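Trainee: Fold the following.
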Amino acid sequence: MESRIEVISTVKVSYSPDLYKVVDCLNRALKDRDLMFGLALDKEDKNKAVFTIYRT
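Mentor: Residues are numbered from 1 along each chain as shown. Coordinates of the predicted model:
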């Protein structure tokens with residue numbers, strides 16, 4: 001069985017230490033709707049984070 005993950009949207013935002021809490025809350029609340037949220041530090045600017053929405 002093949003698992004396909006589709007990127008719906010990506011945006012760069014200012015990094016905040018509590019930003020992961022929002023991503024965790026979204027993942028818990030919306031996993032039954034086949035949505036997944038990701039957060040990573042921007043490779044070029046450590047003051048920015050990359051927020052991504054996926055459809056699973």
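
Trainee: And F51, how far from P17?
Mentor: 15 Å (C-beta to C-beta, to the nearest Å). In this view, the C-beta of every residue, glycine as well, is placed from N, C-alpha and C.

Trainee: ah, wrong one, I meant S3
Mentor: For S3, the distance to P17 - C-beta to C-beta - is 31 Å.

Trainee: ok, now T10?
Mentor: From T10 to P17 the distance is 21 Å (C-beta to C-beta).

Trainee: more neighbours, those two?
Mentor: T10 (12 against 6; other C-beta atoms under 10 Å).

Trainee: other SSEs contacting the host helix or strand of C25?
Mentor: Assigned by DSSP states H and E, C25 belongs to helix 19-30. On a contact count with 3 or more C-beta pairs under 8 Å, 6 or more residues apart in numbering; DSSP states H and E, helix 19-30 meets strand 35-41, strand 48-55.

Trainee: report the angle between the axes of it and strand 48-55?
Mentor: Interaxial angle, helix 19-30 versus strand 48-55 (axes from the mean of the first three to the mean of the last three C-alpha atoms, to 10 degrees): 10 degrees.

Trainee: Could you export the helices and strands packed on helix 19-30 as CSV, including mean pLDDT, mean neighbour count and distance to A29?
Mentor: As requested, these are arranged in CSV below (pLDDT from 0 to 100; neighbours: other C-beta atoms under 10 Å; distance: least, C-beta to C-beta, whole Å):
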stretch, mean pLDDT, mean neighbour count, distance to A29
strand 35-41, 97, 15, 9
strand 48-55, 98, 16, 13
